[in-house]
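**Q** With the input below, show me the fold.
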Amino acid sequence: MRKMNVFLSVLLLLALIPTDTVFSGGSTGTPPFVPTESEQRSDELVKSIDSNLIDANTRFAFDILQELVSEDRGQNVFISPLSILLALAMTYNGASGDTKVAMAETLQFSEFELEELNRGFRDLTTGMMNADETVQISIANSIWYRLGYDVKEDFVQRNKTYYNSEVRKLNFANPQAKDTINTWIDQATNGKIEKMIDRISPNVMMYLINAIYFKGDWTHQFSESATRDGEFTLETGGKKRVPMMHLEEEFRHARGDNLGFLRLPYGREKLAMYILLPDEGEDLDEIIRRLDEDSWNKLRSKLEEKEVTLTMPKYRIEYGVKSLNDVLTRMGMGSAFAGGFSGINPKLFISRVMHKAVIEVNEQGSEAAAVTVVEMTKGESPKPKPVEFIVNRPFFFTISDDRTGSILFMGKVIEP
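**A** Below is the predicted model of the structure:
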């Protein structure tokens with residue numbers, strides 16, 4: 001039986017760009033643009049973000065990517081590590097004792113004081129959303145808790161202040177309660193993700209939710225008339241006919257050990273998709289297994305402007321609703337599924353961490369959305385469970401903010 005193929009998309013917010021840099025838009029010869037006032041403020045803001053936070057986020061991104069690629073071998077996978085981090089960072093504000101320590105180690109928060117961490121995420125998300133007025137990025141957070149349930153005010157206030165969270169009391173006993181939450185998710189993702197909550201059990205006390213929406217046009221767009229069906233080599237060695245886009249343009253390109261690396265910018269070139277393409281016969285899973293913060297940044301530092309003849313598939317991937325309980329437990333966060341949230345309310349534990357993400361890539365650009373839901377339950381917790389670039393074979397890619405280096409989406413494609 002042919003394996004299902006794997007996809008993982010990432011949004012990556014890495015690499016500082018000086019605010020006095022003049023970016024060129026469109027093809028060669030296009031006049032340089034003048035950054036807007038909000039874009040200038042965004043550039044200044046991201047300069048102040050602690051690079052250690054970006055590095056920590058990148059480490060977590062590759063840690064969870066590797067776990068999911070291993071867990072869902074032979075399947076499509078698509079995540080937003082930034083969405084997962086933001087939802088769990090909101091939750092972390094109520095963690096205590098061993099659970100706080102375990103979450104800090106798993107999420108790479110250990111070296112940061114709580115207020116420092118919160119300020120960093122606040123500045124990162126604010127700077128991201130205002131990076132480029134030609135690219136649409138929205139990041140929304142919300143907290144929903146059961147009507148009549150007491151939640152500590154300082155926990156609520158920190159999430160409002162640093163994460164701009166909407167905080168709402170809701171009658172969870174009302175059958176329409178889940179529809180109210182799902183409607184918020186639908187609106188926050190511009191209709192790309194319509195439903196995450198399937199049921200609300202009597203012991204569920206709270207939901208902490210992050211939603212990210214991204215839509216960007218390529219700086220150098222593909223012509224639809226140049227798209228032709230072509231062969232994509234599957235992980236199994238078989239062939240599949242898929243629509244292949246074609247473009248000749250100057251791009252930043254590099255060679256690594258047995259792989260090619262390409263940067264495809266969006267809009268005014270502050271954000272980009274990065275494609276990592278193993279040489280023929282190389283194992284993509286093995287290359288992903290070796291990726292970490294250092295190797296990734298080393299690859300990015302080697303990029304040079306070159307003339308590239310690019311052939312790549314257009315595709316749409318949907319992944320989830322995916323439970324992250326087992327993955328996070330293996331990564332060291334198991335105690336969070338047993339309790340340790342006295343900063344919110346005693347006898348509260350994470351019952352589910354759910355994630356869903358979608359992406360569509362075509363001649364015009366990319367559209368992606370992701371949602372992470374942290375479900376908190378009261379009572380006795382269950383025990384944790386134990387330079388010719390032709391993209392016609394499995395590859396890895398990211399979408400990035402080229403000023404800070406943070407990861408929003410990351411992906412492994414074995415069947416477009």
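**Q** how about the helices of the stretch 51-200 of the chain, start to end?
**A** Using DSSP state H, counting those that start in this stretch, the helices found in the stretch 51-200 of the chain span residues 51-71, 81-92, 97-107, 114-129, 153-163, 177-188.
**Q** Which strand or helix spans R41?
**A** helix 37-47 (DSSP states H and E).
**Q** List the buried residues for that helix?
**A** By neighbour count on 16 or more other Cβ atoms under 10 Å, the buried set for helix 37-47 is 39, 42-43, 45-46. In short, each C-beta sits where N, CA and C put it, glycine included.
**Q** Strands of the stretch 301-416 of the chain, residue ranges please.
**A** In the stretch 301-416 of the chain, the segments counted as strands under DSSP state E, counting those that start in this stretch are 304-313, 315-323, 348-361, 365-378, 388-390, 395-401, 405-413.
**Q** Look up how far E235 lies from M128.
**A** Per Cβ to Cβ, to the nearest Å, M128 is found 33 Å from E235.
**Q** quick one: which of the two has more around it?
**A** Looking at M128 and E235 with other Cβ atoms under 10 Å, you find the greater number of neighbours at M128, namely 28 against 20.
**Q** worst-scoring helix or strand of the chain, pLDDT-wise?
**A** Least confident helix or strand of the chain, by mean pLDDT, DSSP states H and E, is strand 10-14 with a mean of 33.
**Q** Stretch 150-167: how far from the chain's middle?
**A** The chain centroid and the centroid of stretch 150-167 are separated by 23 Å under Cα atoms, centre = their mean, to the nearest Å.
**Q** which residue sits farthest out from the middle of this structure?
**A** Seen from the C-alpha centroid of the chain, the residue lying at the greatest distance (Cα atoms, centre = their mean) is G148, 34.0 Å away.
**Q** For S142, find the nearest of the helices of the stretch 51-200 of the chain.
**A** Evaluated with Cβ to Cβ, the helices of the stretch 51-200 of the chain place helix 177-188 nearest to S142, the distance being 5.9 Å.
**Q** returning to what we had before: nearest to E249, of the helices of the stretch 51-200 of the chain?
**A** Here helix 114-129 is closest among these (Cβ to Cβ), at 25.9 Å.
**Q** how big is the angle separating the closest one from strand 405-413?
**A** What separates the directions of helix 114-129 and strand 405-413 is an angle of 70 degrees, with axes from the mean of the first three to the mean of the last three Cα atoms, to 10 degrees.
**Q** correct me, but F109 touches A56?
**A** Yes - in terms of Cβ atoms under 8 Å, F109 counts as a neighbour of A56; the distance is 7.1 Å.
**Q** Pick out whichever of these two has more residues nearby.
**A** For F109 versus A56, the count of surrounding residues by other Cβ under 10 Å is larger for F109: 25 against 22.
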